[in-house]
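Asks: After the sequence you'll find the predicted model.
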Amino acid sequence: MVNTWPVHNLTSASTNGVTTSLEHLPTGVVVCTLNVQTPRAAGLAKLIDSSLSSTLESIASAPNVKAVVLTSPQTGTFLGLHRTSGVDFVETAALAEEQCRRGQELTAFLTEFKKPIVAAIPHSALGNAFEVALACHGRVLGEHPASVLGLTDIQLGLTPSMAGLQRLSQLIGVEQTLEYALSGRFLRPDRARALGVLHLVVPPTVLLDKAAGLALELAQKRSSFLPTRLLKNTLLSSVFQQAQAQAKTINHLGSAPQKVVSILETLHKSGWKASLHQEASAIKHLRVSQLTKALAYAAELQTHLPIQSPAPASFIERVQIRYLVEVERLKHDGTSESEVDQALAEWGFSKKPSTLLESMGISRFAQSAQQLTQTFGPRFALPKPTDERITPPVRVRPTLGRNSGEPVEEIQMRCVFALVNEALLCLEEGVLQSKTVGDMAVNRELGFPAFRGGPFYYIHSLGQAEALRRIATYQARRGPIWTPARWFIQDSN
């Protein structure tokens, strides 16, 4: 019995947080609208567990179905996946590897489907969403001021996990792929169209019509959409050597940049299957790392920044002044301004303390420190003289900093834990109501390292007992100005 699909047939189902609807157009194109409705980080797992493969398989043999358009609701990202959708924190490395392999199987199913599949992207496709789009045989993007594409996994300390690297290199070449994959930069619609990543960029009102038209064109030219595999190419050794050297300089993203290069290098030296194995091996270790969790948290902060209530000005002022006062104490003890700047930059701060002080102004800084000292006590008191930036005092350099036997970590930890403890005091006193809002504010205003999440997330990832131990060490050495927040002690207990 021939399996045929009735024209205009519309079916819809929702399973495990994934909604799927199918519509059979008179032209013989089936529009599959899929939306992952689940917490952002769990999106990839839900897609892999969905019935997408079985749904498409059910129409593969229908003679009156010529092609498929894969799309999602106009109001969201492609398939409802977000750039953090691949960070569904699994408990073990083995589970992370298994999920990666299942994702690879899903995209392979799409690429090897018997009939052409065109991705109709209503807005943007980042990370795993872009990998799914790359697995389709054609891609059409709806015009939107914020429309972007990209393999943004590197921003989360991850590699792509569904053969997106390999497929993008098929389209635009190794060097261009490395450029985008190592930086996590967005592909803008005009650039993506010029590179051949997109077939069309169209107004949203005609997105499905144009995607269906492209699907029919591909169906008529069957050979143009069949999957291809890159031949082994050992002539790219110098490209990969340069890329590995560059990857090693991207310290704040852990080993992910080097693994990105290795995946592509394996593809061209050993073939497609070997590169998939390399990719799964990378994900196996990266998905369970604390670094990836912190980067995903920071990415979520950036996403929710416009809708969160801003942090109180008093919170930002207190944390910033306490941080800069500790910087001034280090300088007064003999550490140079450049040493402090460099040490904190190495720890990951995107803004130098000297830049923050310059933006604030020395007079305003001194006045704020004096007012806070009167209110909260000597932890905000500046060392004497307070105008050393204008008339630097002559002093003997103590044993601290790079030119001495003491590690740079002393500079870093004094500044970081001065900031952290003040943030905790503000939370304890009710100045700040939300740790998430506090993390966002400190990341934005002080340049706290995004890959460490924020002061509150940093305490969580470090372990509160360890953080308390460090603050207590400074209290023993430097007195009551380092008294830990009561909230911090209670929460640790």
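Replies: That came in fine, so what should we check first? Numbering: from 1, shown residues only.

Asks: Surely Leu25 touches Ala211?
Replies: No - Leu25 lies out of contact with Ala211 (Cβ atoms under 8 Å); the separation is 10.9 Å. Every C-beta, even on glycine, is put in place using the N, C-alpha and C of the backbone.

Asks: Neighbour count: these two, which is higher?
Replies: When neighbours are counted by other Cβ atoms under 10 Å, Leu25 and Ala211 differ, and Ala211 comes out ahead with 30 against 20.

Asks: element containing the more buried one?
Replies: helix 207-220 (DSSP states H and E).

Asks: So which elements touch that helix?
Replies: strand 29-36, strand 67-71, strand 117-121, strand 138-142, strand 200-202 (3 or more Cβ pairs under 8 Å, 6 or more residues apart in numbering; DSSP states H and E).

Asks: and among these, the most buried is which?
Replies: strand 117-121 (a mean of 29; mean count of other Cβ atoms under 10 Å).

Asks: Given whatever helix or strand comes next after that strand, what are its sheet partners and their directions?
Replies: Downstream of strand 117-121, the first helix or strand assigned by DSSP H and E is strand 125-126. Using DSSP bridges, the strands paired with strand 125-126 in its sheet are strand 149-150 (parallel).

Asks: Quick one: residues in contact with the partner strand.
Replies: By Cβ atoms under 8 Å, 6 or more residues apart in numbering, the residues outside strand 149-150 that reach it are 121, 124-127, 130, 133, 141, 180, 184-187, 189, 192, 197-198.

Asks: Can you give me the buried ones in stretch 103-115?
Replies: By neighbour count on 16 or more other Cβ atoms under 10 Å, the buried set for stretch 103-115 is 103-104, 106-108, 110-111, 113, 115.

Asks: related to what we said a few turns ago, figure out which of the helices and strands packed on helix 207-220 is closest to Thr152.
Replies: Closest of the helices and strands packed on helix 207-220 to Thr152 is strand 117-121, at 14.8 Å (criterion: Cβ to Cβ).

Asks: Which elements pack onto that closest one?
Replies: strand 67-71, helix 128-135, strand 138-142, helix 207-220.

Asks: Just want the angle from the third one to strand 67-71.
Replies: For strand 138-142 against strand 67-71, the angle between stretch directions is 40 degrees (axes from the mean of the first three to the mean of the last three Cα atoms, to 10 degrees).

Asks: what pLDDT, on average, does strand 138-142 get?
Replies: Per-residue pLDDT values across strand 138-142 average out to 96.

Asks: Tell me which residues touch Pro160, please.
Replies: 127-128, 131, 151, 153, 181, 260, 279.

Asks: For it, which three-state class applies?
Replies: coil (DSSP: H, G, I helix; E, B strand; the rest coil).

Asks: what about it, distance to Ala243?
Replies: 15 Å (Cβ to Cβ, to the nearest Å).

Asks: Could you do Trp482 as well?
Replies: Counting by Cβ to Cβ, the gap from Trp482 to Ala243 is 45 Å.

Asks: And Lys269, by the same measure?
Replies: For Lys269, the distance to Ala243 - Cβ to Cβ - is 14 Å.

Asks: The two: who's more crowded?
Replies: Legend: neighbour count by other Cβ under 10 Å for Lys269 and Ala243, higher for Ala243 (24 against 15).
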